[in-house]
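Chemist: following is a predicted model, sequence given first.
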Amino acid sequence: IKTDQVMDNFKKDTRDRVVVDRNYEVGQRYRVLPGQVMIRNKLYVMTAEGTGAFRAPVNMVAIGDGARIEIPEGAQFRVSDRVLVSGRLASLIALPAPPPGAPDIQAIFANDGGLLVPASLRAGKVVPFTAFEVQPKNAQLLPIVQESVKTSAGYVNYDVIYHGNEVRKLESCTPPRASGVKAPPASAASAAPVVECGTAPHLDLSLLQYDRVNPDVVASGSRRFYPVRNNQLELPGLKITIHEATPASVVYEVTKDDNAYKKKP
């Protein structure tokens, strides 16, 4: 995820919100104790999306064609359809009950700006009022929105919890392959003699990955020992130098962050 190129390319008129939450800075040393979050890495985009509903922020009245429609403060309306009204696309909002004295008025419209347009159903057709006004004049319905993760803009959201460390045997003498490097042929791997790889410090870590739909809910978790080779610990998208590992704590430094958010000046 090249966040320095992707994350800054949002249109200024959108309501997208970039979430960046980290408990470290590249190049800084930190000490972690058992049970603490060693790495918190959150980087995703929340975008405001309409829920298909409107609400009235104040008491308002729509008057026209000899009818009066009162909308109390806090009233919420579900959108049942989108239709053209006077050449503009608007949301059709069915009224729960027709106004007294005007049983044929069964709906109002609200365009994307929240402007009210009363309408009636006559002979099965929607007919907007020929003349109307809204009081107070600046009254409008507001769309009800909720934030959700914008999956097209990348998603990084996990915590690494430190539990302890101990010296253990290395399962492999070969460090993890760098991205883009092909694995050796299976025949060559099977022909290689079995050798002892020695020992190295291993960190007991839990990796918690959070859900895309609800970024505060853990979607999956795993716990295992991560080897430290030549004072280097590798985690997803990170390179970490371990400066000190004692039974009581670990001193570490993030030296490389592939998902770093770089805000352009």
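Modeler: On my side now, so go ahead. These numbers come from a predicted model, not from an experiment.
Chemist: any idea how far the closest residue to Ser222 other than its chain neighbours lies from Glu133?
Modeler: Nearest-residue entry for Ser222: Leu207, 5.3 Å, with adjacent residues in sequence omitted and distances by C-beta to C-beta, 6 or more residues apart in numbering. Every residue, glycine included, has its C-beta placed from N, CA and C. If you measure Leu207 against Glu133 using C-beta to C-beta, to the nearest Å, the figure is 60 Å.
Chemist: and these two? Which one has more around it.
Modeler: Applying other C-beta atoms under 10 Å to Leu207 and Glu133 shows that Leu207 carries more neighbours, namely 17 against 12.
Chemist: sheet partners, orientation included, of the helix or strand hosting that one?
Modeler: Assessed by DSSP states H and E, Leu207 sits inside strand 199-210. Here strand 199-210 has these sheet partners by DSSP bridges: strand 155-169 (antiparallel), strand 218-227 (antiparallel).
Chemist: now the top strand by length along the chain against strand 199-210, angle please.
Modeler: Among the segments of the chain that qualify as a strand by DSSP state E, the longest is strand 37-55. Interaxial angle of strand 37-55 relative to strand 199-210 (axes from the mean of the first three to the mean of the last three C-alpha atoms, to 10 degrees): 10 degrees.
Chemist: tell me the SS of Ser152?
Modeler: In terms of secondary structure, Ser152 is helix; the call rests on DSSP: H, G, I helix; E, B strand; the rest coil.
Chemist: separation between it and Thr47?
Modeler: Remark: distance between Ser152 and Thr47 (C-beta to C-beta) = 9 Å.
Chemist: who's more crowded, the two?
Modeler: Just comparing Ser152 and Thr47: by other C-beta under 10 Å the higher neighbour count belongs to Thr47, 18 against 9.
Chemist: any idea what the more buried one is bridged to?
Modeler: Thr47 has the following beta-bridge partners by DSSP bridges: Ser148.
Chemist: from Val18, how far off is it?
Modeler: Applying C-beta to C-beta, one obtains 10 Å for the distance of Thr47 from Val18.
Chemist: follow-up on the earlier one: quick check, pLDDT for the residue nearest to Ser222.
Modeler: Per-residue confidence (pLDDT) for Leu207: 94.
Chemist: Val37 versus that one, what's the distance?
Modeler: Using C-beta to C-beta, Leu207 is found at 11 Å from Val37.
Chemist: between the two, which contacts overlap?
Modeler: Residues touching both Leu207 and Val37 (C-beta atoms under 8 Å, 6 or more residues apart in numbering): Asp159, Val160.
Chemist: tally up the residues packed near Leu33, please.
Modeler: Using other C-beta under 10 Å, the number of residues around Leu33 comes to 11.
Chemist: where does the prediction get shaky in the chain?
Modeler: Counting by pLDDT under 70, the low-confidence segments of the chain come to 1-15, 80-130, 174-195, 261-265.
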